[in-house]
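Asks: structure here, sequence nowhere to be found:
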């Protein structure tokens, strides 16, 4: 689920509520969650109400347990991504910096991808349709900066050739698609865990 509402984003970022979302991958009640997180049921219930209000958890059933009506809830998604649209005032705009060698432009493109695909996916789910997408992911080890630059040049030329071959804007029923190709240094396994910078030169 891609979160666009700022209030829902804030709710999901709260450490306790994030923990509750993780626990609610499987159906549970406030009482069961309270035992897991070590807090009073009333306090857990308060946080669950907020998550429910923002559409992050949903009520599955209500069942009586003694003198109490127990509410069983579950997270509405297996995972969540916060869209840049949640910070619309400072959302990056790829049109402001078109530089294929800029890491900032790459991030702006990635942010736009999250926003656009998130909205398309929400529409597809609501319409009970599949969303046609394609993605490729892999790693290349270059012998030198020169070989990386040569690869980027060849890749750009090949993408341009394929785009020209299949681009038919006047065809009946034609539909525009977004194409984004990125290349960036890979983090070392230890750096990825620690969040430090990759052991690569900065210049492309």
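Replies: Done, it's in. Here the structure is a predicted model, which means the values were calculated and not measured. Numbers count the residues shown, from 1 in each chain.
Asks: from now on I want contacts and neighbour counts done on CA atoms only, so please keep to that.
Replies: Will do.
Asks: what's opposite the residue positioned nearest the centre of the chain in the beta bridge?
Replies: Residue closest to the mean C-alpha point of the chain, counted by Cα atoms, centre = their mean, is residue 81 at 3.5 Å. Residues in a beta bridge with residue 81, per DSSP bridges, are residue 2.
Asks: in this structure it contacts residue 2, no?
Replies: Yes: contact criterion Cα atoms under 8 Å: residue 81 and residue 2 qualify, at 4.7 Å.
Asks: before we move on, back to that, against residue 96, how distant is the residue nearest to the centre of the chain?
Replies: According to Cα to Cα, to the nearest Å, residue 81 and residue 96 sit 24 Å apart.
Asks: now swap in residue 133 and tell me
Replies: Distance from residue 133 to residue 96, by Cα to Cα: 26 Å.
Asks: for residue 129, same thing?
Replies: Residue 129 sits 34 Å away from residue 96, taking Cα to Cα as the criterion.
Asks: which residue ranges of this structure form strands?
Replies: Per DSSP state E, the chain carries strands over the ranges 2-3, 28-29, 57-65, 68-75, 81-82.
Asks: in CSV: those strands, plus mean pLDDT and distance to residue 180.
Replies: Shown next, in CSV, are the strands of the chain (pLDDT from 0 to 100; distance: least, Cα to Cα, whole Å):
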stretch, mean pLDDT, distance to residue 180
strand 2-3, 92, 19
strand 28-29, 94, 40
strand 57-65, 90, 33
strand 68-75, 90, 31
strand 81-82, 92, 19
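Asks: okay, those strands, which one's buried deepest?
Replies: Of all the strands of the chain, strand 2-3 has the most neighbours on average by mean count of other Cα atoms under 10 Å, namely a mean of 22.
Asks: which other residues reach that strand?
Replies: Outside of strand 2-3, the residues within contact range by Cα atoms under 8 Å, 6 or more residues apart in numbering are 9, 80-83, 86, 114-115, 118-119.
Asks: tabulate the strands of the chain in a markdown table, adding columns for distance to residue 44.
Replies: Supplementary listing: these in a markdown table, determined by distance: least, Cα to Cα, whole Å:
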| stretch | distance to residue 44 |
| --- | --- |
| strand 2-3 | 22 |
| strand 28-29 | 10 |
| strand 57-65 | 13 |
| strand 68-75 | 12 |
| strand 81-82 | 23 |
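Asks: which among the ones you listed is found nearest to residue 170?
Replies: Closest of the strands of the chain to residue 170 is strand 2-3, at 32.6 Å (criterion: Cα to Cα).
Asks: which residues touch the closest residue to residue 85 other than its chain neighbours?
Replies: Spatial nearest neighbour of residue 85, chain neighbours left out: residue 4 (5.4 Å); criterion: Cα to Cα, 6 or more residues apart in numbering. Neighbouring residues of residue 4 by Cα under 8 Å, 6+ apart: 82-86.
Asks: many thanks, we can stop here.
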